[in-house]
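1. generate coordinates for the sequence data below:
(one chain, ligands or ions: 2)
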Amino acid sequence: LQSKFPEMETTIFTVMSALAREHNAINLGQGFPDFSCDPQLLDGVEKAMRGDQNQYPPMTGIPELRNKISAKIQDLYGKYYSSDDEITVTAGATQAILTVVLATVRPGEEVVVIEPVYDSYLPAIHLAGGKAISVKMIPQRNTLGLVAKYVLPWDDLAKAINPKTRLIMINSPHNPTGMVWESEDLERLADLVRPTNALICSDEVYEHMVFDNEHHQSISRHPELCQRSFVISSFGKTFHVTGWKVGYVAAPKELMAEFRKVHQFNVFTVNTPMQYGLATYLNYPNAYKELPAFYQEKRDFFKAGLIDTRFSLLPSKGTYFQCVDYSNLRIPEAKFNEVDFCQWLTKEIKVAAIPVSAFYSSATNSNVIRFCYAKKEETLKTALNRLRTIA
Ligand code: PMP
Ligand code: GLN
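-> Numbers count the residues shown, from 1 in each chain. Ligands and ions are numbered 1, 2, ... in the order given. This next block holds a predicted model:
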């Protein structure tokens, strides 16, 4: 067989989770919770299944769920999307992202991405035949030479965006760095896109995980930017059910019509009982309104546990990820590159993490790895005890 995509590799999340299983390591790599969702959510799904809601739902998603999504966006961000024409339920954010790219990007057209970039974006552009234009966030170093945080170089973004740009893909809160966009960032982006026809794909799957009393700056808050944007979220992330693969996209009618042209022949639609369960559960907005405090506590617990190690912590302002620079560890493995370090950590220390280099289009290494802290306290405690043995 002559492979169509000879260079396409298996996603890092699959690779590291398999390695974690093989070596019986605590998996702080792939991002998913190890605790249960609210049983009330399950009740809604069971009720739908037993109530015979098991056939194809409408192609765009059941109206009950689309109405609730519309109300949620309006409540949180003050923007009204018509549930009929401007919201579609998707098979997770992954399908929404791929469908946005396939529905908008013609072969050869330019798509701007910001690296480190979530691992499905570049393959999606590749599948569409588009040309990825990468802007790299700068790892800013402290006086010890350790990465203190990632900074977006706006000058580089300004250079990358031009009249040929078809799509700009952004993600805040950002996986893997944990950085979040502020309202001034949206203004800067608006200035850059104003002279172009560029569309925006805004991946907001961690919208309910923004900490320290900050607010998520959804693109839908911005009256100008939202006119050219697809806004994506994921119930898997929000309600601790990553395996359900249900998310959604919101966009102005004209854009949504294009999205649906592809969506109908991609998955056609998304499983019925989960949609009913989610629609019922959205009657309790506290479920997502309590998330920032819930995850901030986990972040703080994990951070506190790393204080007496020689891992150097980057800010985790949002998401459920904590990045650390390991160069300061007093062990020979501190000289390893990120991939080798993560493999060693999984095999020998029995804690799996994700190399940040996996989020780049070309070889790079900053000695920064990502831990997922969406775990029970006892899981984090055990992982921290293991991590303390190497510092
Ligand atoms: N975008 C980002 C930034 C993610 O971290 C993830 C993974 N959770 C996704 C998209 C995919 O989300 P889903 O599981 O809903 O497909
Ligand atoms: N988004 C999750 C992460 O960043 C993983 C999702 C996946 O495995 N595709 O860890």
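2. can you give me the helices in this protein?
-> Ranges of helices within the chain are 12-22, 39-50, 63-77, 92-104, 121-128, 154-160, 183-193, 235-238, 253-266, 272-281, 286-289, 291-306, 338-344, 377-388, based on DSSP state H.
3. ligand 1 is nearest to which of those?
-> Closest to ligand 1 of the helices of the chain is helix 92-104 (Cβ to the nearest ligand atom; 2.7 Å). Where C-beta positions appear, they are placed from N, C-alpha and C, glycine not excepted.
4. which strands or helices does that closest one pack on?
-> strand 87-90, helix 121-128, strand 165-171, strand 199-203, strand 229-234, helix 235-238, strand 247-250, helix 253-266 (3 or more Cβ pairs under 8 Å, 6 or more residues apart in numbering; DSSP states H and E).
5. residues from the protein in reach of ligand 1?
-> For the chain, the residues in contact with ligand 1 (Cβ under 6 Å from any ligand atom) are 31, 92-94, 118, 171, 175, 203, 205, 234, 236-237, 242, 245, 247.
6. so which of the helices of the chain is the most surrounded?
-> Greatest average neighbour count among those goes to helix 235-238 (a mean of 25), per mean count of other Cβ atoms under 10 Å.
7. other SSEs contacting that one?
-> helix 92-104, strand 247-250.
8. what does that helix contact?
-> Identification of contacts with helix 235-238 by Cβ atoms under 8 Å, 6 or more residues apart in numbering yields 31, 92-93, 205-209, 241-248, 278, 288, 291.
9. list the buried residues of stretch 355-373.
-> Within stretch 355-373, the residues that count as buried by 16 or more other Cβ atoms under 10 Å are 355-360, 364, 366-373.
10. what mean pLDDT does that stretch get?
-> Averaging pLDDT along stretch 355-373 gives 97.
11. specify the beta-bridge partners of the nearest residue to N171 once chain neighbours are set aside.
-> Distances taken as Cβ to Cβ, 6 or more residues apart in numbering put D203 closest to N171, at 4.1 Å, once the chain neighbours are dropped. With DSSP bridges as the criterion, D203 is bridged to N171, I232.
12. please report the distance of D203 from ligand 2.
-> To ligand 2, D203 is 10 Å away according to Cβ to the nearest ligand atom, to the nearest Å.
13. nearest to E333, out of the helices and strands packed on helix 235-238?
-> When the helices and strands packed on helix 235-238 are compared by Cβ to Cβ, helix 92-104 sits nearest E333, at 32.8 Å.
14. who touches that closest one?
-> Against helix 92-104 from outside (Cβ under 8 Å, 6+ apart): 88, 90, 111, 120-121, 124-125, 127-128, 130, 166-167, 169, 199, 201, 203, 205, 230, 232-234, 236-237, 245-249, 255, 258-259, 261-263, 266-267.
15. likewise stretch 10-20?
-> Residues outside stretch 10-20 that contact it (Cβ under 8 Å, 6+ apart): 25-27, 29-31, 119-120, 342-343, 346-347, 352-355, 358.
16. for stretch 96-114, measure first residue to last.
-> 18 Å (Cα to Cα, to the nearest Å).
17. near ligand 2, which residues of the chain show up?
-> Counting by Cβ under 6 Å from any ligand atom, the chain sits next to ligand 2 at T11, F13, Q30, G31, N175.
18. if any of those residues are buried, put those into a ChimeraX selection.
-> Buried members of those, defined by 16+ other Cβ under 10 Å, are picked up in ChimeraX with:
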select :13,30,31,175
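19. can you list the domains in the chain?
-> Per automatic domain parsing, the domain ranges recorded for the chain read 12-37+289-388, 40-284.
20. redo those domains as JSON lines? Include distance to S3.
-> What follows is the domains of the chain, written out as JSON lines (distance: least, Cβ to Cβ, whole Å):
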{"stretch": "domain 12-37+289-388", "distance to S3": "18"}
{"stretch": "domain 40-284", "distance to S3": "13"}
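21. residues contacting the closest residue to ligand 2 within the stretch 101-250 of the chain?
-> Scanning the stretch 101-250 of the chain for the residue nearest ligand 2 gives N175, at 5.0 Å (criterion: Cβ to the nearest ligand atom). Residues near N175 by Cβ under 8 Å, 6+ apart: G31, Y118, V205, Y206, T319, F321, F359.
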